[in-house]
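*Asks:* here's my sequence, what's the structure:
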Amino acid sequence: MSNIYINPSSGIIEFNTGAASGDFLDSNMSGASRLTFDNSGELNLASYGTGVAEKFSIDSQSGRLFTIDTSFDSVFSANDVAGLPILEVYSNGSVIMGDYNSGDFVLTGNQLGIGTGTPASELHVKGSITSEIALNANASASYTLLESDQSKLITCTNLNASTVTIPANSSAAFPVGTEIAVTQATTGQVTIATGAGVVSFNAADAEFKTRTQYSTCMLMQTGTNGWLVVGDLTS
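*Replies:* Down below sits the predicted model:
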């Protein structure tokens, strides 16, 4: 039989060494199908036979590398050379990555789990965490916080007294819950102040100045224009 066969009456085009067995297109080399368009609509780049259930699949010599399916919960899968999933996307919106069945990375219901397959919060990490805080060294006598300072440590290095000002939300739209650390890195005492529009500004005993060199405080946004200052402070 010809390796290229066109049947106008059935609309079948075959690239093969034998019968296409119902496939619309079957590219066959040495008896193993390499490319098939099945009559049920599947497209397969296969190395070990036809008739796979997935709508699209790519095989390696060792296993199935990639699949797109519409008949199972896992609608998208990228696999290792042994055919085990290292990335799966499910019909319920969940995404799983990492070694097969490890729970290395799971995103489900807007909750991200790292090291756990069942995250209990927006971010659930099971295991050790490496965290690096960003620094903002400030030598000026007056500094107004920027949105980019969120979660940073502001190190005040002016040898004389200086002021760190918290702006109103209209100037810097920090999300509620923002935390910013401030430290007196030298002999210059640091005063925490607020700009116009901050309506709630609180600290224990109304103390808003660092006490001595290396004193540190935390600025925590409690509302759109509300802040709480806690730490090694004095009046």
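*Asks:* looking at the protein, which helix or strand is least sure?
*Replies:* strand 25-29 (a mean of 46; mean pLDDT, DSSP states H and E).
*Asks:* how many residues are close by the closest residue to G103 other than its chain neighbours?
*Replies:* Nearest residue to G103, sequence neighbours excluded (Cβ to Cβ, 6 or more residues apart in numbering): G117, at 3.4 Å. No exception for glycine: its C-beta is placed from N, CA and C like everyone else's. By other Cβ atoms under 10 Å, 16 other residues sit near G117.
*Asks:* make residue 1 into 464 and carry on from there
*Replies:* Yes, from this point I'll number from 464; that puts the last item at G580.
*Asks:* just checking, G580 touches F568?
*Replies:* No: if you go by Cβ atoms under 8 Å, G580 and F568 don't touch, sitting 9.6 Å apart.
*Asks:* overlap in contacts, those two.
*Replies:* Residues touching both G580 and F568 (Cβ atoms under 8 Å, 6 or more residues apart in numbering): I559.
*Asks:* so what are the domain limits for the protein?
*Replies:* Domain ranges of the chain: 467-588, 598-697, per automatic domain parsing.
*Asks:* least confident of the ones you listed, on average?
*Replies:* The minimum mean pLDDT among these belongs to domain 467-588 (a mean of 68).
*Asks:* name the single longest strand found in the chain.
*Replies:* Counting by DSSP state E, the longest strand found in the chain is strand 679-686.
*Asks:* okay but L616 is in contact with Q647, surely?
*Replies:* No: counting by Cβ under 8 Å, Q647 is not a contact partner of L616; they are 11.9 Å apart.
*Asks:* higher neighbour count, the two?
*Replies:* The neighbour count for L616 versus Q647, taken as other Cβ under 10 Å, is higher for Q647 (24 against 17).
*Asks:* please name the residues that touch the closest residue to the more buried one other than its chain neighbours.
*Replies:* Spatial nearest neighbour of Q647, excluding adjacent residues (Cβ to Cβ, 6+ apart): T673 at 4.0 Å. Going by Cβ under 8 Å, 6+ apart, T673 touches V645, T646, Q647, Q652, V653, T679, C680, G694, D695, L696, T697.
*Asks:* please apply the same query to V653.
*Replies:* V653 makes contact with C619, A624, S625, T626, V627, V645, T646, Q647, K672, T673, S678 under the criterion Cβ under 8 Å, 6+ apart.
*Asks:* in strands, which of the residues you listed appear?
*Replies:* Among those, the members found in strands (DSSP E) are C619, S625, T626, V627, V645, T646, Q647, K672, T673.
*Asks:* as JSON lines, the residues you listed with distance to T685 would be great.
*Replies:* Output for the ones in strands among the contacts of V653, formatted as JSON lines (distance: Cβ to Cβ, whole Å):
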{"residue": "C619", "distance to T685": "23"}
{"residue": "S625", "distance to T685": "24"}
{"residue": "T626", "distance to T685": "21"}
{"residue": "V627", "distance to T685": "18"}
{"residue": "V645", "distance to T685": "17"}
{"residue": "T646", "distance to T685": "21"}
{"residue": "Q647", "distance to T685": "23"}
{"residue": "K672", "distance to T685": "20"}
{"residue": "T673", "distance to T685": "21"}
